[in-house]
Each structure stands twice: as structure tokens, then as C-alpha cells.
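Undergrad: no sequence on this one, just coordinates:
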């Protein structure tokens, strides 16, 4: 697996050198959160009730925003062609790219998200379950973002299509993620189902995304 | 290797099948309408509004059945590399999307008199809504990619992935629904459906299915014609 | 159907050295190949056979399908008819996985330095010889410069350096001489000659003639 | 069916929308089919004229 780690390490250095990745996503996230009280009014009780859901939706949209860039650069500069000729199956390349995107964008977001909960009066004892659920859910979000990116890699205005294609897949993750965030105790059914979703996507998404990339390489 | 299956055989088949299909479809609709509007009894609770069921339920069934057949066609196309299967899925998508839309509209028209709200986050209606998004996503893929062969490869993946997503969404929305509301009051015509209610439902479902098959054959004929048109135009350009 | 589709099925990831086989006759064979791009036929009925140590030169006007043929051989394309087989290579690897495909796009990441770019490809392709790669195109001096600052010619040299980084049986070069100065051209020719004498195969699409005698020449795009 | 029962307008609306939707779908598909057939016919005639 040294070969896969080379790809993840390269993407990490690229993200840190170019910056932008986590920064813009967190910026977008905070903007969405700030808009909520402006739109719904400063009623603390209302905000507290919708806080976990709102944080999850903002996280989901922020990851979606950065989805398009996962394969774009590699497709345009020919790296994808060269990687397809590597000994590493394309499925593992997709997994590595998705993990790199998770480490550079979704994970920082998931770590930071509950901290911005105070803006919308998040109940403090909800912070820990929210954190745990978001850490887990963000993997699923990144993997699906990678699938959306693979499907629209060569399209000019792919961004819109990615959202339309991927949001239906985000529905289960949102439902179980928010349920797990409102947990009385940490580990309970919705968190387990969320884990199941993550594990299932670990297997299914790379296969589908690799097939999509192959369609563009052909 | 994508040898273009000769469509002549399919076109001849469509030519012979279409007239009888249209005939039976009209009969089925006539019988179905008569039975659902006249012979079926009003519901003891809902009164006449239960008749909306005869257009709502078949549309919902068809929306799911058409998406399932699109996924099946995509799997067939992936395994047997048969381009007609891709075209069948592409042709079926708009028809399925229309059924889905009709299921949602009639569902909300049924919900308004029953619960006083145009849209109720009932588990089934929500799943059908997500299904509509899957249809739109699938159709958008064909629009977004010019090269037909490449579009077919991508559309297959979207159809199959979407198909895997449908039960997951259904499960999560049911679970979510039980979390926020009690089991929805929206029972489909009580525990055992009265025979006089069941027959119109089945006849209407049959009519919808026949209409789908007929429209699918015509739409596939158009897809073949469109591909032929594209090749004629390309051949035209190459000549100059 | 392509003899071996461009999917790496090999579970065990073989190490670089097992790829270049000395001795037994390796043969790349294509018969009645036809290719379509976006509904337009690019070429039909292409046949050739290439054995160890031989160079096939592709000639023909732009858009004649030279790049498409190279991509087909690398497994990055799908022929509508005909087959490509590599006899004698490593059985459980596809043709593409035993080939280097140097395309117009150089697969170079601007923020990374020259050394980091090469290091990544070395690691990703299963162990690379950095020193040889840097030396092959005299990139030693540029090793620590970010690729963004390189000129077109230097970028081309970095891209071609991958040929020396990881030994592969079959070289597919798409107009490699573009942007190279005389010195680099000479280095490329020496590298290619070494590859061929070591039993490697090469298919090169080029306008500028290399001062290497091609064993076979295939002209595309005339059968209009 | 009792035509002046409560909410009868919803039932009529539901049926009307359903058949409007299906009719629109049919018309759309059949028109597109005929349009394509005509386009192919003209192109075929043109090609025959050019090659003939």
C-alpha cells in the first residue's frame, strides 16, 4: 500500500502548497451558518432546536462545493492517464483521492463545525455526539463527492450536475447523521447505521467511480 | 467492441407490436376509468376522495417499476454490451419521470383534503420525491455529455448507483418518519381492499403499464433515428 | 475487443524489475484495428507487428489518429474492431501497465518541485531510480525548483524523464521532440537507442525525424 | 359517483392532471418521433441526390 500512500501524500502536499482547499470550504461553511439566524431570526430556542441539522446541512453543502475539484486537475494535466497505466487498480486510486479530499477538506470541516455551533446556540452537551457523527459522516460525504467528481470530470459546467447527482445520496447520511448528533448516549442505532453507510460506500463508490473514469479515459 | 446491433429487427418488432398495444391501452383506460369513477364505492371515511388512489397508486408503482427497468437495462448493457439496452434506459427515463411527477401531484391533491396540507413529509411521498431527483440526474447526464458512447457508459453507472440508493433512502426516510411522526395515517384504503376497489386499481395499473410500453417503443424508435441522423450528418461533413 | 483491457487485475503488486524481460522474443501485434472518436472514424484496418528491440514510427497529418492509436495500444481507448496483443510480456499485467505513454500533456504538478514530481511517479509506479531519471535529461540542477517555474522545454524533459525513472517494456511516445533543444534531442535519442538495444519496444509518433532508423513505419490518415 | 360530495374538486383535479400529464407525454414523444423521421427522410433524399 506504499503506492497508495504516495498518492495521498502528494495530494496533501499539493493542498498545503496551494492552500485554498480547507480554507474556502470552512469559509463557505461559516457563511451558511451565519445566514441562518439572519434568515430565521435570533430566537435562541428555535436556533437551538435546528442547530445539529443546520450544522450538518452546512457541512454537506461545503463538501459538495469542493467535490468538483477532486479529479479535475489530474484529468486536465494528464496525470489521470498516467495513473491508469500504473500497477495500482483505478479503484484504489479513487479511494486514495477520496481519502486525500477527506483529509484536506471534509475532516477539517467536521472538526471545526461543532465549534461554530455557538453561533446558532448549539446545546453544549450535543457537541460530543455531533463531533463523532460528523467525523464518521464526513468520510461518506467525501466518498460520494469523489463519485460525483468522477462522473462529471470532463464536463465543463460539471458543478451543477454534481449537486443534482449526489444530493439524493446524501439524504440517508443527513438523516442518520443528525439523529446521531442528538444522541443522549454516544453510541446508539443511528450511529451504527451511519457506520454501515460509510463501510458500504468504501466498497461501492470506488468501483462506480473507477468505471466512470474509465469511460472518460476511453 | 461495440458492434451496432442492427436496429432493423427491433424496428420491425415495434412496427408490429404498436397498433395492438395502443388498442389494448385505450380499452384498459376506458374500463379503468369507468370502474374507478362509477362502480368503485366511496370510502366510509374519506368519501369520494379515495378515488384519487386509482391514479396516484399506479403512477407511484410505475415510477418505481420504470426506474427498476432502467437499472436492469443498464446492467444488461454493461454485461452484454448491447447498445439497444442503453437506448431503452434513455428512452424510458422521461416517461418514468412523468409518472413520478404525477404520483407526487396526485399525492398532494389527495393529502390536501385528508390532512389540510398540500405537502406532508410522509415517508412514501418523500421517497418518491427523491426518486424524481434520481430521474432528473439521469436525464441530465445524457444532456451533459455529447459523445453518445461515453454518455451511455456514464448513464449506466448513474442508473445502477441510483437504483442501489432507492431502498436506502426508503429505509432512512421511513426511519426518520417514525422518529418525528407516528406511523402516517395515510393507510391505503384500510387493511383489506374491497374487491370493487382492487379491480379498478389493477386495471388502471395495467393501462399505465401498457401506455409505458407503447411510449417506450416509440421513444426507442426516435433514439435509433437520432443516432442514425447523427451519423448521416457526420458522414455528410466528412464528404466535404 | 482489446486483447487485454486496461484494467489492472493483478492483486499482488509486482516490483519494477520483473517487467523488462531480456531474452525471449516479445511481440506487439495489432490486426485490423479500427478506431472511432466521437462518432467519427479515425482510422480503419491498421496492422503491424513489432518485436523486441524494434522501433515503429507513426507518420501522418494532424488528426490522422496517431495519438488515438497510441492511446489504443496503452489501453486508454476502445477499438471498434480489431485486436492488440502483447506476446511474451508479463502475463498478469495489461499492455498499458507494461508501457510508458508520453503524451502531449506532461502530467506535471506545478506546485511540486522537479524532484517531488519524479519521486511521486517513482513511488506510484512501484519503485523508481531517481538518479537515473534526473541524469537522463540533465535535470539535476533543477531538482529543487518548483515545476511552475520551468520552461516548456524543461517541462517536456521532466515528463520524458519518467521513461528513465521506471523501466518498462514498451514506450509509446507522442511527438516527444516538441520543444526539445538539440542537446535534449540527442539525450532522448540515446535513451531510446539504449531502450531498444535492451530488448524494449517503442512506437513513436513524430514529425521531426529522429536520427534512428525505424524498423517499420506506419502512415495514417491517407486512406481517406 | 356522487358529483357534489365534499372535496370532489380534488378528485376531478387529480384525474385531470393525470390525463393532462400523460397526454402531454404522448404528444411530446409522438411529435419527436415524426420530426426525426422527416429529418432522416430529407437527409436520405439529399444524400441519394448527391451520390446518385
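TA: Thanks, I have the structure now. Note that the structure is predicted; figures quoted are calculated from it, not measured.
Undergrad: from here on, contacts and neighbour counts on C-alpha atoms
TA: Fine.
Undergrad: List the contacts of residue B:72.
TA: Listed by CA atoms under 8 Å, 6 or more residues apart in numbering or on different chains, the contact partners of residue B:72 are residue B:160.
Undergrad: ok, now how distant is it from residue B:155?
TA: Going from residue B:72 to residue B:155 by CA to CA, to the nearest Å gives 12 Å.
Undergrad: which regions of chain C lie under the pLDDT threshold?
TA: The model of chain C has pLDDT under 70 over residues C:1-24, C:222-224.
Undergrad: Give me the three-state assignment for the residue most central in space within it.
TA: The C-alpha lying nearest the average C-alpha coordinate of chain C belongs to residue C:172 (CA atoms, centre = their mean; 2.5 Å). Secondary structure state of residue C:172, per DSSP: H, G, I helix; E, B strand; the rest coil, is strand.
Undergrad: what's the answer for the one 5 residues further on, then?
TA: Reducing the assignment at residue C:177 to three states with three-state DSSP gives coil.
Undergrad: Can you give me the separation between residue B:144 and residue A:147?
TA: 16 Å.
Undergrad: quick one: which of these two has more around it?
TA: residue A:147 (34 against 15; other CA atoms under 10 Å in any protein chain shown).
Undergrad: Below-threshold pLDDT in chain D: ranges please.
TA: Using pLDDT under 70, the flagged stretches of chain D are D:52.
Undergrad: Indicate the residue of it located nearest to chain A.
TA: residue D:25 (23.1 Å; CA to the nearest CA).
Undergrad: which strands and helices sit next to the helix or strand hosting that residue?
TA: Secondary structure from DSSP states H and E places residue D:25 in helix D:8-51. Counting contacts by 3 or more CA pairs under 8 Å, 6 or more residues apart in numbering or on different chains; DSSP states H and E, helix D:8-51 is packed against helix B:53-80, helix B:83-115, helix B:195-239.
Undergrad: Just checking the distance from that helix to the centre of its chain.
TA: 4 Å (CA atoms, centre = their mean, to the nearest Å).
Undergrad: repeat for stretch B:165-184
TA: 22 Å.
Undergrad: Please apply the same query to stretch A:53-72.
TA: 5 Å.
Undergrad: I would like the residues contacting that stretch, please.
TA: Counting by CA under 8 Å, 6+ apart, A:21, A:25-26, A:28-29, A:32-33, A:97-98, A:101, A:105-106, A:109-110, A:113-114, A:117, A:134, A:141-142, A:145-146, A:148-150, A:152-154, A:158-159, A:162-163, A:170, A:174, A:177-178 sit against stretch A:53-72.
Undergrad: try stretch B:213-227
TA: B:7, B:11, B:14, B:18, B:21-22, B:87-88, B:91-92, B:95, D:26, D:29-30, D:32-33, D:36-37, D:40.
Undergrad: distance between it and the chain's centre?
TA: On CA atoms, centre = their mean, the centre of stretch B:213-227 falls 16 Å from the chain's centre.
Undergrad: Stretch B:87-98 now?
TA: With CA atoms, centre = their mean, you get 7 Å for stretch B:87-98.
Undergrad: after the longest helix seen in chain C, next one along is what?
TA: Longest helix in chain C by number of residues (criterion: DSSP state H): helix C:182-197. Using DSSP H and E, the helix or strand that follows helix C:182-197 in sequence is strand C:201-205.
Undergrad: element containing residue 137?
TA: Looking at chain A here, since you left the chain open. Per DSSP H and E: helix A:127-151 holds residue A:137.
Undergrad: ah, no, chain B please
TA: Counting by DSSP H and E, residue B:137 is found in helix B:123-144.
Undergrad: pretty sure residue A:48 is touching residue A:121, no?
TA: Yes - using CA atoms under 8 Å, residue A:48 is in contact with residue A:121, at 5.1 Å.
Undergrad: about what we covered before: what angle separates the helix holding residue D:25 from helix B:195-239?
TA: 30 degrees (axes from the mean of the first three to the mean of the last three CA atoms, to 10 degrees).
Undergrad: what ranges do the helices span in chain C?
TA: Using DSSP H, helices in chain C cover C:66-74, C:114-124, C:130-136, C:152-165, C:182-197.
Undergrad: Give me the buried positions along the last one.
TA: The reference is to helix C:182-197. C:184, C:185, C:187, C:188, C:191, C:192, C:193, C:195, C:196 (16 or more other CA atoms under 10 Å in any protein chain shown).
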